[in-house]
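Asker: please work out how this folds:
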Amino acid sequence: MTQAEHARSPAPDTRTLGDVVAGLARRTPDAALVVCVVTGVVGTALIAILLRAVWWLTPVVLLAAAFGTWGIADRERGALGARGTVFRFLRVLAALVGGAAAAFAAVTLFALIVGPLIS
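Answerer: Numbering: from 1, shown residues only. Next up is the predicted model:
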């Protein structure tokens with residue numbers, strides 16, 4: 001590739017998964033974020049209490065709750081004082097829960113696929 005061709009080629013996309021998810025959360029309407037939180041929390045509780053047979057859905061509903069929580073808290077990122085501290089804490093907590101849920105989802109999917117193959 002010549003220098004002229006190299007100069008015309010588009011730059012590689014350097015966005016991270018976090019950037020993509022944050023952009024999506026920032027474009028999502030408030031009502032949809034609230035629905036994600038409520039669905040995630042209620043879904044997790046129902047699975048834990050009543051629907052243990054579908055335990056493998058837990059990471060999905062936890063991801064929805066984390067996404068909604070992070071999105072709502074991100075809307076308040078400019079808040080000051082105690083309120084700002086609470087929303088910063090919620091953003092960090094939602095990111096940690098979402099990351100753990102994503103890892104749990106990956107391990108669960110792997111186990112559900114590989115388990116029958118080994119048996």
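
Asker: every contact and neighbour count from this point should use C-alpha atoms.
Answerer: Fine.

Asker: longest helix of the protein?
Answerer: With DSSP state H setting the assignment, residue counts place helix 81-118 as the longest helix in the chain.

Asker: who does that one touch, helix- and strand-wise?
Answerer: Under the contact criterion of 3 or more CA pairs under 8 Å, 6 or more residues apart in numbering; DSSP states H and E, the helices and strands touching helix 81-118 comprise helix 58-75.

Asker: in the helix it packs on, what's buried?
Answerer: Using 16 or more other CA atoms under 10 Å as the test for burial, helix 58-75 gives 58-74.

Asker: and what of stretch 41-61?
Answerer: Of the residues in stretch 41-61, those scored as buried under the neighbour-count criterion (16+ other CA under 10 Å) are 41, 43, 44, 47, 57, 58, 59, 60, 61.

Asker: sorry, back to before: show me how far the longest helix of the chain is from its chain's centre.
Answerer: Here the centre of mass of C-alpha atoms in helix 81-118, compared against the chain's by CA atoms, centre = their mean, to the nearest Å, lies 7 Å away.
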